[in-house]
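Colleague: Here is my input, please return the structure:
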Amino acid sequence: MAKGLGKKADYETYLKRSSNWKNIWNQEAESDGFSGFIMAKKQDGSFDEIDPKEHTDKHFYEGTCWEYSYEIPHDVPGLVEKMGGKQQFVRRLQHAMDEHLINFGNEPSFMTPWLFAHESVQRPDLTSFYIRTELLPLYTRYDLPGDDDQGAMASLYVFARLGLFPFAGTNKYYLHGASFKKATIQLENGKQFIINAPAASPTNIYIKSVRLNKKPFHQSYITQDEIMQGGVLDFEMSSEPVNYTNN
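Modeller: Modelled structure (predicted):
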């Protein structure tokens with residue numbers, strides 16, 4: 001915002017400050033064979049010693065070091081680097097999902113599965129997989145599987161079914177494929193944005209291809225500006241994992 005307003009000094013100040021998360025990254029902390037976690041420091045500047053799985057009211061309120069270590073949406077490339085590169089990042093995030101170390105019932109973890117689809121990671125197939133196998137089933141078992149603060153859990157459900165999710169601090173919605181066969185969004189400018197996925201089913205959970213207004217679309221995200229123009233987003237869904245961004 002400061003850059004857009006021409007306030008260069010403010011822009012440089014806040015851009016530099018946005019890297020301060022690295023000051024509380026404890027590369028020596030270990031859990032389940034993985035190292036490096038966001039952790040609190042003691043008054044003398046040393047890191048506190050804590051199990052990164054330990055929960056509420058330790059280093060974070062209503063969350064763990066495992067969960068909050070993924071909450072760096074403004075610097076995903078930096079986070080991937082801190083966690084050991086793309087392959088290690090994917091392996092670690094899969095472990096977090098498989099071992100239920102991510103709590104989808106609380107807002108800090110809402111964006112986490114879409115990190116797979118981020119252009120720094122390029123595994124949108126894994127986003128599709130975990131949305132279907134970990135996130136959406138919670139709504140079957142618990143109705144709203146967490147505190148629906150200002151409609152948060154309900155909104156998460158709607159986006160998870162629509163096939164795209166807004167990534168905080170950006171104008172991007174990362175794609176994972178719709179489980180509705182058709183949905184129409186009435187935009188505030190009077191236009192419509194239609195999402196089609198005619199082959200969507202409990203088994204066809206992966207994106208095989210995407211078309212935006214009948215043109216092939218290979219990005220892992222669509223922007224707010226593209227949505228507000230109105231039009232049609234077509235998902236071709238498949239039962240086999242495909243990295244459609246490489247097609």
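Colleague: show me the contacts for Gln27.
Modeller: Listed by Cβ atoms under 8 Å, 6 or more residues apart in numbering, the contact set of Gln27 reads 35-36, 82. From N, CA and C alone the C-beta is placed, and that goes for glycine too.
Colleague: For it, which three-state class applies?
Modeller: strand (DSSP: H, G, I helix; E, B strand; the rest coil).
Colleague: how near is it to Glu62?
Modeller: Computed as Cβ to Cβ, to the nearest Å, the Gln27 to Glu62 distance reads 25 Å.
Colleague: One more: Tyr11?
Modeller: 32 Å.
Colleague: Filter the contacts of Gln27 down to just the ones in strands.
Modeller: 35-36 (DSSP state E).
Colleague: Need phi/psi at the residue lying farthest from the centre of the chain.
Modeller: Among the C-alpha atoms of the chain, the one farthest from their average position, using Cα atoms, centre = their mean, is that of Asp44, at 34.4 Å. Backbone torsions for Asp44, taken as degrees, to the nearest 10, come to phi -80, psi 0.
Colleague: Check the gap between Leu15 and Met83 for me.
Modeller: Taking Cβ to Cβ, one finds Leu15 at 22 Å from Met83.
Colleague: I meant Ile50, not that one.
Modeller: For Ile50 relative to Met83 (Cβ to Cβ), the value is 19 Å.
Colleague: higher neighbour count, these two?
Modeller: Neighbours per residue, other Cβ atoms under 10 Å: of Ile50 and Met83, the larger number sits with Met83, 22 against 17.
Colleague: Which residue comes closest to that one once chain neighbours are left out?
Modeller: Computed as Cβ to Cβ, 6 or more residues apart in numbering, the closest residue to Met83 that is not its neighbour in sequence is Phe89, at 4.6 Å.
Colleague: helices and strands around the helix or strand of the chain with the lowest mean pLDDT, which ones?
Modeller: Sorting the helices and strands of the chain by mean pLDDT, DSSP states H and E puts helix 136-142 at the bottom, at a mean of 87. Packing partners of helix 136-142 (3 or more Cβ pairs under 8 Å, 6 or more residues apart in numbering; DSSP states H and E): helix 152-162.
Colleague: which outside residues touch the helix it packs on?
Modeller: 104-105, 107, 110, 131, 135-136, 139, 144-148, 165-166, 176, 178-180, 183, 185, 195.
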